[in-house]
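Asks: Need a 3D model of the sequence below.
(one chain, ligands or ions: 1)
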Amino acid sequence: MQKFLNKIICGDCIEVLSKVRKPFADLIFADPPFNIGYKYDKYHDKVKSKNYIAWTKDWMAVCKNVLKPYGSFYIAIGDDYAANVKIIADDLGLVMRNWIIWHYTFGQQTKNKFARSHTHIFYFVNDKKNFTFNDCAVRVPSDRQLIYNDKRANPAGKLPDDVWNGYPRVCGTFKERLGWHPCQMPEKLLKRIIAASSNPGDCVLDPFSGSGTTAAVAAQQGRNYVGVEISQEYVGNTNKRLAELKKISVEAANKNPQDKPGG
Ligand SMILES: C[S@@+](CC[C@H](N)C(=O)[O-])C[C@H]1O[C@@H](n2cnc3c(N)ncnc32)[C@H](O)[C@@H]1O
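Replies: Take a look at the predicted model:
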């Protein structure tokens, strides 16, 4: 797997990952197409339900095979298939730690039902006792600290709830928006997941790399990454995104030599 480290591989994640013999991923973040008719470059996002479920079983199984024994596996999924993902994960022997709801602003407008404003994010691990969870990296100020000025408050803050607010969808007018991918995840959301469930130097795998958000955040946090993406166009654009990031960090290090490794 060494040759794939810090690369975005162009291919079908099932084909690519089923060739790997040894588990290499400390953390997997998977944000597959939700089967809701999004327009992707190379993938048709509206297939028969039974085919989508069979495909979900296949890609989850190959991901589980490359997940290290003490690794963590997060899966983002829409309402329609969240229950299927949970059942497949149970069958694969994954252990659920949280069923997170990402509640976002700027949801899609509707005419005759309530507007959809959430995505499910499952947090699974391979081993129920041994896993990475860096609580200090993700603590947030508590109400005791912020509102009640309560002396009993933990000065380090509290662990976030399993309903995540404060991460709007990356919509058209946002500076972060790259404009060439239909469903770019916010970097801030990936920051929380990567900070909590991996350590510097670990390997983070994204089997549906898309615009490369996972790789971009992993690189910024000193993790290694492997991305797999079926569209050559998205892979090319992601490589530009990652090269730009590298340029910015080299420029920053040149301005502040003390930030350079060994500086
Ligand atoms: C929901 S998007 C991922 C978005 C990503 N999280 C981001 O922040 O940009 C799903 C991606 O999976 C890709 N894809 C679909 N089928 C695939 C497959 N079998 N193997 C690898 N990538 C695939 C699509 O082209 C699309 O870019």
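Asks: For Asp206, give the beta-bridge partners.
Replies: Applying DSSP bridges to Asp206 yields these beta-bridge partners: Gly227.
Asks: Return the residues in contact with it.
Replies: Applying C-beta atoms under 8 Å, 6 or more residues apart in numbering, we find Asp206 in contact with 28-31, 214-215, 225-228. (Each C-beta comes from the backbone N, C-alpha and C, glycine too.)
Asks: What strand or helix carries the residue in the chain that the ligand sits nearest to?
Replies: Using C-beta to the nearest ligand atom, the single residue of the chain nearest to the ligand is Gly210, 2.6 Å away. Using DSSP states H and E, Gly210 falls within no helix or strand.
Asks: roughly how far apart are it and Tyr38?
Replies: 10 Å (C-beta to C-beta, to the nearest Å).
Asks: So if I had to pick from the two, which one is more boxed in?
Replies: Gly210 (25 against 13; other C-beta atoms under 10 Å).
Asks: does the more buried one really touch Leu190, like I thought?
Replies: No: the pair Gly210 / Leu190 is not scored as a contact, 11.5 Å apart, by C-beta atoms under 8 Å.
Asks: Tell me the backbone dihedrals of Phe29, please.
Replies: Phe29 adopts backbone torsions of phi -120, psi 120, taken as degrees, to the nearest 10.
Asks: For burial, what's the neighbour tally of it?
Replies: Close neighbours of Phe29, defined as other C-beta under 10 Å, add up to 29.
Asks: Quick check: pLDDT value at it.
Replies: Predicted confidence (pLDDT) for Phe29: 98.
Asks: now do Lys260
Replies: So Lys260 comes in at 59 (pLDDT).
Asks: Leu242 too?
Replies: Reported pLDDT at Leu242 in the predicted model: 98.
Asks: Point out the other helices and strands that whichever strand or helix holds it packs with.
Replies: Taking DSSP H and E as the definition, Leu242 sits inside helix 232-255. Here helix 232-255 touches strand 7-10, helix 213-220, strand 224-229, going by 3 or more C-beta pairs under 8 Å, 6 or more residues apart in numbering; DSSP states H and E.
Asks: Please identify the most buried of these.
Replies: When you average the neighbours per residue for each of these (mean count of other C-beta atoms under 10 Å), strand 224-229 leads with a mean of 26.
Asks: what helices or strands is that strand leaning on?
Replies: strand 7-10, helix 13-18, strand 203-206, helix 213-220, helix 232-255.
Asks: a markdown table for the ones you listed, including distance to Trp55?
Replies: As requested, these are arranged in a markdown table below (distance: least, C-beta to C-beta, whole Å):
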| stretch | distance to Trp55 |
| --- | --- |
| strand 7-10 | 19 |
| helix 13-18 | 8 |
| strand 203-206 | 17 |
| helix 213-220 | 20 |
| helix 232-255 | 19 |
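Asks: Out of these, which one sits most buried?
Replies: strand 203-206 comes out most buried of these by mean count of other C-beta under 10 Å, with a mean of 27.
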